[in-house]
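A.B. asks: Sharing a model that was predicted from the sequence below.
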Amino acid sequence: MANSHKRDTDARRKPRAALVAGPLALLATASAVTIGVMTQDSGSGDVLASQSATTDITRPTRDAVVSRSSSRLDAGVSQQQLQRAFDANAARLATAQAVKQAHTKLWTTVPLNLWTTSGKDAKQVGLLDERKQVLVTGRETDGRQELVVDGKSRWVTSGYLAEDKPAKPEPKADSSTAAKPSAPAAPAGLSTAPCPDGSVESGLTSEAVMVYRAVCHAFPQITTYGGYDAHGEHASGRAIDIMTSDQALGDQIAAFLQSHASELDLYDVIWWDQIWTPARASEGWRDYGDHGSPTANHMDHVHVSTNG
């Protein structure tokens, strides 16, 4: 009996030794892995690697990753929202830097609308007068240039800034004393008789005068015209603006000019954000593009110019 009791006691002790040896072996392995990684190099990347090795034994990293992802989703912040916020902040920083570094000054050649941004959602926040010196950043996009106005970023339609100050336009001569250009021969079906407002003809070429007279007699309801001034085609005296915001009437005037393009020697017709030229007549009316305002887009007047 004594011998039987001794064997039972030994049998019970063996499992206890095994239970103790198991964790000790695991702890020794973990320590060896940690020490081995840390002794490879003293760089910061290896320090992070040793921390990961220890963490693998004491707490699964997968749970930590899931926890961080879950908390971000719980907060309702998506990756797209984070990216949009990053892009918006980057744009603000770029604008601030452009405003800070602006040093070039140019002159406005025409009155210009001021816009908050270059995009289609921009808001108009003011107007710059003609012959006004402005500070530019050098940034240009979507048909607009960036200025610095009162320390803020503002945008205007491109193409109307110059290095030199524009000269003052010549005052219009009194219609009662101004010399009238000689009237050219009347094309078939067109009148070249003088119009009620002779002052429009001041500074115009003979071909532009012919266009003005033809239109004023064909459309007597039009009472306002733009003739010579110091910008674009108008500075050459070859262009006329026929002022109307009535789209149906403007369509009629544009069609009339197209039908007489050869007799009037037209170069182009621009109306309601579209352009037509005899040289590309087979393409019909083409998009003119957004230039920043109804006036710049020719939505309140029909613009026509001649070749000579």
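C.D. replies: Yep, it's here. Numbers count the residues shown, from 1 in each chain.

A.B. asks: by contact count, what packs against the longest strand seen in the chain?
C.D. replies: Taking DSSP state E as the criterion, the chain has its longest strand at strand 133-141. With contacts taken as 3 or more C-beta pairs under 8 Å, 6 or more residues apart in numbering; DSSP states H and E, strand 133-141 sits against helix 79-101, strand 104-108, strand 144-149. In this view, the C-beta of every residue, glycine as well, is placed from N, C-alpha and C.

A.B. asks: so can I have JSON lines of these showing distance to Ser293, mean neighbour count and mean pLDDT?
C.D. replies: Formatted as JSON lines, these follow (distance: least, C-beta to C-beta, whole Å; neighbours: other C-beta atoms under 10 Å; pLDDT from 0 to 100):
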{"stretch": "helix 79-101", "distance to Ser293": "22", "mean neighbour count": "11", "mean pLDDT": "88"}
{"stretch": "strand 104-108", "distance to Ser293": "14", "mean neighbour count": "16", "mean pLDDT": "91"}
{"stretch": "strand 144-149", "distance to Ser293": "11", "mean neighbour count": "21", "mean pLDDT": "92"}
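
A.B. asks: Indicate which one of those is closest to Gly308.
C.D. replies: strand 104-108 (29.2 Å; C-beta to C-beta).

A.B. asks: Any chance you could list what contacts that closest one?
C.D. replies: 128-136, 138, 156, 160-166 (C-beta atoms under 8 Å, 6 or more residues apart in numbering).

A.B. asks: The longest strand of the chain pairs with which strands, and in what direction?
C.D. replies: strand 104-108 (antiparallel), strand 144-149 (antiparallel) (DSSP bridges).

A.B. asks: Remind me what the helix or strand just after the last one packs against, helices and strands.
C.D. replies: Where DSSP states H and E defines the elements, the next helix or strand beyond strand 144-149 is strand 152-157. Contact here means 3+ C-beta pairs under 8 Å, 6+ apart; on that basis strand 152-157 packs against helix 79-101, strand 112-115, strand 124-128, strand 144-149.

A.B. asks: now for the shortest one, which elements pack on it?
C.D. replies: Taking 3+ C-beta pairs under 8 Å, 6+ apart as contact, the helices and strands that strand 112-115 lies on are strand 124-128, strand 144-149, strand 152-157.

A.B. asks: Once you drop chain neighbours, what's closest to Ala235?
C.D. replies: Distances taken as C-beta to C-beta, 6 or more residues apart in numbering put Asp229 closest to Ala235, at 7.0 Å, once the chain neighbours are dropped.

A.B. asks: Same question for Lys168.
C.D. replies: Arg131 (7.5 Å).

A.B. asks: how many neighbours does that neighbour have?
C.D. replies: 17 (other C-beta atoms under 10 Å).

A.B. asks: OK, contacts around it?
C.D. replies: Going by C-beta under 8 Å, 6+ apart, Arg131 touches 107-109, 165-166, 168.

A.B. asks: Of the residues you listed, just say which sits nearest to Asp150.
C.D. replies: Closest to Asp150, out of all of the contacts of Arg131 and judged by C-beta to C-beta, is Thr108, at 15.7 Å.

A.B. asks: Can you point out the buried residues in stretch 116-127?
C.D. replies: Neighbour counts over stretch 116-127 (16 or more other C-beta atoms under 10 Å) mark 117-118, 122 as buried.

A.B. asks: Next: stretch 158-169.
C.D. replies: Those would be 159-161, for stretch 158-169 by 16+ other C-beta under 10 Å.

A.B. asks: Go through those residues and flag which are in strands.
C.D. replies: If you go by DSSP E, the buried residues of stretch 158-169 have Leu161 in strands.

A.B. asks: Please, where are all the strands along the stretch 151-300 of the chain?
C.D. replies: Assigned by DSSP state E, counting those that start in this stretch, the stretch 151-300 of the chain shows strands spanning 152-157, 161-162, 225-226, 239-243, 266-271, 274-276, 286-287.

A.B. asks: of all those strands, which lies closest to Ala218?
C.D. replies: So among these, strand 239-243 is nearest, using C-beta to C-beta, at 10.5 Å.
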